[in-house]
Structure formats: structure tokens, C-alpha cells
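[1] What follows is a predicted protein model with its sequence.
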Amino acid sequence: MAAVGGCLMLLVALAVLAAIWAIWRYNNLISLRNQVANGWKQIDVQLKRRHDLIPNLVSAVRGEMQFEQDTLEKVIQARNTAVAARGVADSADKENALTQTLSRLFALAENYPNLKSNEQVKALMEELSSTENRIGFARQFYNDIATRFNIAQQLFPDNLIAQAFKFQPVELFEIKDGAERAVPQVDLSIRSDRTKS
């Protein structure tokens, strides 16, 4: 009878240890998932800041860049498309397109000496540049924590907990278009239509 009682106690102890372990691993996955959500919100805050600065910059340069109205409209269109993005992959694609149109605007602005000396335009460009850096850091943090979360769901024995509670891997911010990965080519011989007149 004592042997049966000892076995029963051992089984209860093992069951309690297994339950404690499962709770600990589940809580770890919950913690990682919440950190991923926080990382995404940090990106979202910086993207909103960027989206709010762009119309101000376009408004500040519109009068001076009369020959570049098409570029300015493309920047606003790309900004509006990026604002409407939903989810990580969609946001990454649309934000990369916005970055390209902003780069074009910055390159064209170099051809306008009055813009380079305009304090408001300089301040807005510096704010956008600073925001771009913050977005880069926020994306790096997000991708790091999202990778940790995804790996935790794949490694044994945590994958058992992840499957049991239907945890899903999260998307990373990534550049999918090979052309976007290429080093941009800068042609300094391009001149605005103003120089021809």
C-alpha cells in the first residue's frame, strides 16, 4: 500500500512540474507576442510622424518646384497609399514605395538653391531624415523580437505549447523587390527644366 501511495505521490509531483513548466513556456510565448505588438506600435508611431510631416514638406516646396508637380503628386499619392496600409507586409511594401518617392523628391530639391537655403524646408527635411532613422531602428527592434517569437514557436518543446494554443508566426519587415535591394544610382547630370530656359 505504501508503494502505491509513493507512486501516486510521484505521479502527482510530475504532473505539477509539467503544469508549472507548461505555464512558464506559455507565459514566455505571451511575453514575446506582446513585445512583437509593442515593436509594431513603435513603428506605427514613427510612420504616423512621417506621414504627418510629408504634406508640410510638399506644401513648403510646391511654389518653388513648379516644374516638379508630377513628383510632388506622386509623393502625396504614395503617402496616402502608405497611410491606408494594413498589416506588416502591406505596410512594408507601401512604405518602401514611399521611401523611393521621397528619395526622388530630395534629389530634385538639390537642384533648387532657394529650397536649400529655406529654413522651413531644411527643418522639415531634417525632421523627415531623423524620422527615417527612428523608423529604421524601430524596424530593427521589431524584426529582432519577431524573429525570437517565431523561433520560440518552432523549437521543441515550446512548439507543443505554440500548437496547442494556436500561436501564429508573425511577418517581418522585409524588402521583397530585388530592384529595391540594389544600390541606388545617382546621376548628377540630370537638370531641371528651369536650367533649360
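    Perfect, I can see it now.
[2] from here on, contacts and neighbour counts on C-alpha atoms
    Noted.
[3] where in the protein is pLDDT low?
    Scanning the chain for pLDDT under 70 picks out 1-2, 175-197.
[4] Tell me where this structure has helices.
    Here the chain has its helices, by DSSP state H, at 2-62, 69-83, 88-109, 113-117, 119-154, 158-164, 178-181.
[5] of those, which approaches Leu172 most closely?
    The closest of the helices of the chain to Leu172 is helix 119-154. By C-alpha to C-alpha, the value is 5.5 Å.
[6] Counting by contacts, list what the closest one packs against.
    helix 2-62, helix 113-117, helix 158-164 (3 or more C-alpha pairs under 8 Å, 6 or more residues apart in numbering; DSSP states H and E).
[7] Would you list the phi and psi of Glu64?
    With angles defined as degrees, to the nearest 10, Glu64 sits at phi -80, psi -40.
[8] so what's it up against?
    Glu64 sits next to Tyr112, Asn114, Leu115 when contact means C-alpha atoms under 8 Å, 6 or more residues apart in numbering.
[9] Now restrict the residues you listed to buried residues only.
    Neighbour-count burial (16 or more other C-alpha atoms under 10 Å) is assigned, among those, to Leu115.
[10] of all the contacts of Glu64, which comes closest to Arg134?
    Lowest distance from Arg134 to those (C-alpha to C-alpha) belongs to Leu115, with 24.6 Å.
[11] Correct me if wrong: that closest one contacts Ala107.
    No: between Leu115 and Ala107 there is no contact under C-alpha atoms under 8 Å: 11.8 Å.
[12] Relative to Pro55, how far out is the most centrally placed residue in the chain?
    Centroid check for the chain by C-alpha atoms, centre = their mean gives Arg139 as the closest residue, at 4.3 Å. Distance of Arg139 to Pro55, computed by C-alpha to C-alpha, to the nearest Å: 23 Å.
[13] hang on, the earlier thing: please name the nearest non-neighbouring residue to the residue nearest to the centre of the chain.
    Ile43 (6.4 Å; C-alpha to C-alpha, 6 or more residues apart in numbering).
[14] Quick check: the one you found touching Gln140?
    No: if you go by C-alpha under 8 Å, Ile43 and Gln140 don't touch, sitting 9.7 Å apart.
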